[in-house]
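Asks: Next come a sequence and a model predicted from it.
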Amino acid sequence: MEEGGTDSNGREFRNAAEMWREQVGDDEADVHKRIDWYRHGVGYWNGVEASVNGVLGGYGRVSDADIKSSEAFLLSLLPNLFDDGGKNGHLVALDCGSGIGRVTKSLLIRYFNEVDLVEPVSHFLEAARNSLAPENLMLQEGHQATNFFCVPLQEFAPEIGRYDVIWIQWCIGHLTDNDFISFFNRAKAGLKAGGIFILKENIARSGFVLDKEDRSVTRSDLYFKELFQQCGLHVYRSKDQRGFPKELFAVKMYALTTDVLKRNRITRSKSHTSNRPGIIK
């Protein structure tokens, strides 16, 4: 990424490579700097209350608008992914950076028979486990939260061929570029044939913004697309989030496909003619 960026204190960087070199060093030669990057990030969230307002950085009021837009985006994809819109299959989703299970409880578990959650902050995951216990949900039979993985994304490897949708929201900014690429390359093996990634993230106006407090990077749309290309992924569809307060970063949703899915699904469609919002710093 050759475009410049800033950190939350206003310091400017010529490009992303300069920023990452300072933050995590040069690959294996500076392994301790990389460890510190992730340790500080999880440490920040360990001090946050396990509530909707907590995981959304004090902006719990945006949760309803967030879920409404995510649901509309998901429903726009299901008919193109599955011949019956997914109504008669056994669908499985993975919620990455699941936090307290907000997205799973409000959205995913209503459309998927099984949802697995992966989250590195243990008290968030325990809150999710309690919230998603069968006795605390009013769901139709055959819908459940199945597995709860307390693992950071940079170390997580999904079960091969398990998931129809891998949902990644407000968490990928904690991964370095190298770990971003490595994660998606591992996670591709977790998709069923015809499965997709849905990524929902804050978007910088240009370049990137480094948050020194929680060790995360808000990337621009161009930055994301450069990384998608390096992952061998294609933007099948994208949509902007609407209805958030103006002081927050813009938020964008991407449906990402593998090479094989891109060819198969787009061809079929034509034949039928058919974890938090970020404050701008």
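Replies: The structure has been received and is ready for your questions.

Asks: From Ile198, how far off is Val62?
Replies: 18 Å (C-beta to C-beta, to the nearest Å). Glycine gets a C-beta too; all of them are placed from N, C-alpha and C.

Asks: Helices along this protein, start to end?
Replies: 16-24, 31-46, 52-55, 63-81, 102-103, 109-111, 122-131, 177-188, 221-231, 259-271 (DSSP state H).

Asks: Make JSON lines from the ones you listed and add distance to Gln154 and mean pLDDT to it.
Replies: Listed next are the helices of the chain as JSON lines, based on distance: least, C-beta to C-beta, whole Å; pLDDT from 0 to 100:
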{"stretch": "helix 16-24", "distance to Gln154": "11", "mean pLDDT": "94"}
{"stretch": "helix 31-46", "distance to Gln154": "7", "mean pLDDT": "94"}
{"stretch": "helix 52-55", "distance to Gln154": "20", "mean pLDDT": "96"}
{"stretch": "helix 63-81", "distance to Gln154": "24", "mean pLDDT": "94"}
{"stretch": "helix 102-103", "distance to Gln154": "20", "mean pLDDT": "98"}
{"stretch": "helix 109-111", "distance to Gln154": "26", "mean pLDDT": "95"}
{"stretch": "helix 122-131", "distance to Gln154": "17", "mean pLDDT": "97"}
{"stretch": "helix 177-188", "distance to Gln154": "4", "mean pLDDT": "97"}
{"stretch": "helix 221-231", "distance to Gln154": "14", "mean pLDDT": "97"}
{"stretch": "helix 259-271", "distance to Gln154": "24", "mean pLDDT": "45"}
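
Asks: Out of these, which is closest to Pro158?
Replies: helix 177-188 (5.8 Å; C-beta to C-beta).

Asks: Tabulate the CA atom coordinates of that closest one in PDB.
Replies: In PDB, the C-alpha atoms belonging to helix 177-188 read as follows (Å, rounded to 0.1, in the frame of the first residue of the first chain):
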ATOM      1  CA  ASP A 177      -1.200  -7.100   6.500                       C
ATOM      2  CA  ASN A 178       0.800 -10.400   6.600                       C
ATOM      3  CA  ASP A 179      -1.500 -12.000   9.100                       C
ATOM      4  CA  PHE A 180      -4.600 -10.700   7.200                       C
ATOM      5  CA  ILE A 181      -3.400 -12.600   4.100                       C
ATOM      6  CA  SER A 182      -2.400 -15.700   6.100                       C
ATOM      7  CA  PHE A 183      -5.800 -15.700   7.800                       C
ATOM      8  CA  PHE A 184      -7.800 -15.600   4.600                       C
ATOM      9  CA  ASN A 185      -5.600 -18.200   3.000                       C
ATOM     10  CA  ARG A 186      -6.300 -20.600   5.900                       C
ATOM     11  CA  ALA A 187      -9.900 -19.600   6.100                       C
ATOM     12  CA  LYS A 188     -10.600 -20.400   2.500                       C
END
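
Asks: Tell me what angle it forms with helix 16-24.
Replies: 90 degrees (axes from the mean of the first three to the mean of the last three C-alpha atoms, to 10 degrees).

Asks: so what secondary structure elements neighbour helix 177-188?
Replies: helix 221-231 (3 or more C-beta pairs under 8 Å, 6 or more residues apart in numbering; DSSP states H and E).

Asks: Could you check the angle the helix it packs on makes with helix 177-188?
Replies: Between the axes of helix 221-231 and helix 177-188, defined by the same axes, to 10 degrees, the angle is 60 degrees.

Asks: Buried residues, helix 221-231. List them.
Replies: Asp221, Tyr223, Phe224, Lys225, Glu226, Leu227, Phe228, Cys231 (16 or more other C-beta atoms under 10 Å).

Asks: ok, back up a step: name the stretch among the helices of the chain that sits most buried.
Replies: helix 102-103 (a mean of 26; mean count of other C-beta atoms under 10 Å).

Asks: how much space is there between Phe208 and Arg21?
Replies: On the measure of C-beta to C-beta, Phe208 and Arg21 end up 14 Å apart.

Asks: How about His174?
Replies: Noted for His174: a distance of 18 Å to Arg21, by C-beta to C-beta.

Asks: again with Trp167
Replies: 31 Å.
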